[in-house]
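J.: here is my input; please provide its structure:
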Amino acid sequence: MLLPRRRPLLHRPRQCAPEQLARQRANMETLRVLAADPYMHDPALLARLATLQIPVLVIWGDSDRIVTPAYGAAFAAALPGARFEIVERAGHLPQIEQPAATFALIDGFALP
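T.: Numbering: from 1, shown residues only. Presented below is the predicted three-dimensional model:
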């Protein structure tokens, strides 16, 4: 039986330094522990999101092949008053692939 090929998380993984890729792998292992591997979903999450009463910025990479930007937009729509932003030339990890653009969005949101 053939297993499905894993898609890269990054927009251009071959351009990343080995240390960056190692950090990514360690972060993903932590996420698997926190997010209930292998399913990484919470059926009650959508209902809980509607109860948030704080400003929320949802940032998504335009080239995310793991979870598409359409999912990010839907996620943001479930959050009252959330702002949805796309980071160009970024995949699943825009904070690593395009840190300046990502942090500019965060600064603009946190420091209006």
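
J.: and the helices in the chain?
T.: Taking DSSP state H, the helices of the chain run over residues 18-34, 45-49, 69-77, 94-97, 99-110.

J.: need the ones you listed in a markdown table (columns: mean pLDDT).
T.: Converted to a markdown table, the helices of the chain look like this (pLDDT from 0 to 100):
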| stretch | mean pLDDT |
| --- | --- |
| helix 18-34 | 78 |
| helix 45-49 | 79 |
| helix 69-77 | 92 |
| helix 94-97 | 92 |
| helix 99-110 | 97 |
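
J.: so of those helices, which one's packed in deepest?
T.: Among the helices of the chain, helix 94-97 has the highest mean neighbour count (mean count of other C-beta atoms under 10 Å), at a mean of 21. All C-beta atoms are positioned from the backbone trio N, CA, C, and that covers glycine.

J.: so what does it touch, helix or strand wise?
T.: Helices and strands touching helix 94-97, by 3 or more C-beta pairs under 8 Å, 6 or more residues apart in numbering; DSSP states H and E, are helix 18-34, strand 57-61, helix 99-110.

J.: now the ones you listed as CSV including distance to F75?
T.: Below are these laid out as CSV (distance: least, C-beta to C-beta, whole Å):
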stretch, distance to F75
helix 18-34, 16
strand 57-61, 6
helix 99-110, 16
